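> Structure for the following, please:
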Amino acid sequence: MDKNEKTPAQLNFQLTPEDEEMKKENDSFDALKQFEAEIGYVFDDISRLEGARIQASNKRTAFFGDAVLDFIVSEFLFKNYTELEQGQLTSLKSHLVCDEKLEKIVKKNGWDEYLIIEKGIVGRSKKMNSTFLEAVVGAIYLDSGLSETETFVYRFIVNKKEAEKSMKSLVSPKVKLYEFCQQHYSGFRPESFMISEDGPSHDRTFVMGYLLPKEITGLKNDIAGEGEGKTKSDAETKAAEKINRQLIRIGLMEK
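Predicted coordinates:
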């Protein structure tokens, strides 16, 4: 080697500020392209993804992404879980897109390495990672609209498997009874019926019931349950719970 020729290490050591800036830009570009490959979406305007990565300034996009995610998940649950009431849908949605859930998705896929943390901040909070994912959702929507965003959300955030897993801890006795009948009795859907209604208009008491006919279950006797409550829904819940207990007791339903 000529004594005036520089080694790669020496050349790197002598990089000008302009060279350093170009190197950083190239490194950032490579990271962005790698991130695109991992999420399965190529941006028309890659600066949107770059903005989502920067913790110090991605909150505006995350605000928008949160609203988009809320809509997509709400529509998914509305279409796929027709037996759930509004409160149950709300609980399930909240469970699927809470900060803890989103943060786990980021960590599981190793995407936290792409998040650029503001200088002076030590460590990464759960909220940083969840905000990052919301910002990515917002960036995809702004880049191409709803269809591509749904593809991303259904692939990584919400799907039937994840929803079913979440429902196990949130499911009401009524939903549990409906699902059991759908699975074991050829789609039979038990309908509640009113047994009695008493009290003044401002303080009513309802007794509701459910019935699984022996013709449907193949058992020797009907399975019946009734429940009392201040609303029809509460009474139905108690009635369904009694039926479920009977099904568990005879070994047909899991606890």
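
> all helices for the stretch 51-200 of the chain, in order.
Secondary structure of the stretch 51-200 of the chain (DSSP state H, counting those that start in this stretch): helices at 59-80, 86-96, 99-109, 126-144, 146-156, 160-170, 173-184.

> what sits up against stretch 39-58?
28-29, 32, 35-36, 61-62, 111, 114-118, 121, 128, 131-132, 135-136, 138-140, 142-144, 148, 151-152, 155-156 (Cβ atoms under 8 Å, 6 or more residues apart in numbering). Where you see a C-beta, it was placed from the backbone N, CA and C, and this is true even at glycine.

> And the buried ones among those residues, selectable in ChimeraX?
ChimeraX command restricting the contacts of stretch 39-58 to the buried ones, with burial defined by 16 or more other Cβ atoms under 10 Å:
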select :32,35,61,62,111,114,115,116,117,128,131,132,135,136,138,139,140,142,143,144,148,152,156
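
> Find the centremost residue of this structure, please.
The centroid of the chain falls nearest to residue 96 when counting by Cα atoms, centre = their mean (2.8 Å).

> Domain ranges for this protein, per the record?
Domain assignment for the chain by automatic domain parsing gives 23-168, 172-249.

> Just give me how far the first one sits from the chain centre.
Between the centre of domain 23-168 and the centre of its chain there are 10 Å (Cα atoms, centre = their mean, to the nearest Å).

> Sketch out the low-pLDDT regions of the protein for me.
Scanning the chain for pLDDT under 70 picks out 1-27, 120, 122-123, 168-171.

> one more time with 50, if that's ok
Along the chain, segments meeting pLDDT under 50 span 1, 3-4, 6-13, 15, 19, 22.

> now, of the helices of the stretch 51-200 of the chain, which is deepest in the fold?
Among the helices of the stretch 51-200 of the chain, helix 126-144 has the highest mean neighbour count (mean count of other Cβ atoms under 10 Å), at a mean of 23.

> orientation of that one relative to helix 59-80 in degrees?
Using axes from the mean of the first three to the mean of the last three Cα atoms, to 10 degrees, the inter-axis angle of helix 126-144 relative to helix 59-80 is 80 degrees.

> Output helix 126-144 as PDB - backbone C-alpha positions only.
Only the C-alpha atoms of helix 126-144 are listed here, as PDB (Å, rounded to 0.1, in the frame of the first residue of the first chain):
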ATOM      1  CA  LYS A 126     -45.000   1.700  27.400                       C
ATOM      2  CA  LYS A 127     -46.700   4.800  26.100                       C
ATOM      3  CA  MET A 128     -43.900   5.600  23.700                       C
ATOM      4  CA  ASN A 129     -44.200   2.300  22.000                       C
ATOM      5  CA  SER A 130     -48.000   2.300  21.800                       C
ATOM      6  CA  THR A 131     -47.900   5.900  20.400                       C
ATOM      7  CA  PHE A 132     -45.300   4.800  17.900                       C
ATOM      8  CA  LEU A 133     -47.600   2.000  16.600                       C
ATOM      9  CA  GLU A 134     -50.600   4.400  16.500                       C
ATOM     10  CA  ALA A 135     -48.400   6.800  14.500                       C
ATOM     11  CA  VAL A 136     -47.500   4.000  12.000                       C
ATOM     12  CA  VAL A 137     -51.200   3.300  11.500                       C
ATOM     13  CA  GLY A 138     -51.800   7.000  10.900                       C
ATOM     14  CA  ALA A 139     -48.900   7.300   8.500                       C
ATOM     15  CA  ILE A 140     -50.100   4.300   6.400                       C
ATOM     16  CA  TYR A 141     -53.600   5.800   6.200                       C
ATOM     17  CA  LEU A 142     -52.300   9.200   5.200                       C
ATOM     18  CA  ASP A 143     -50.100   7.600   2.600                       C
ATOM     19  CA  SER A 144     -52.700   5.300   0.900                       C
END
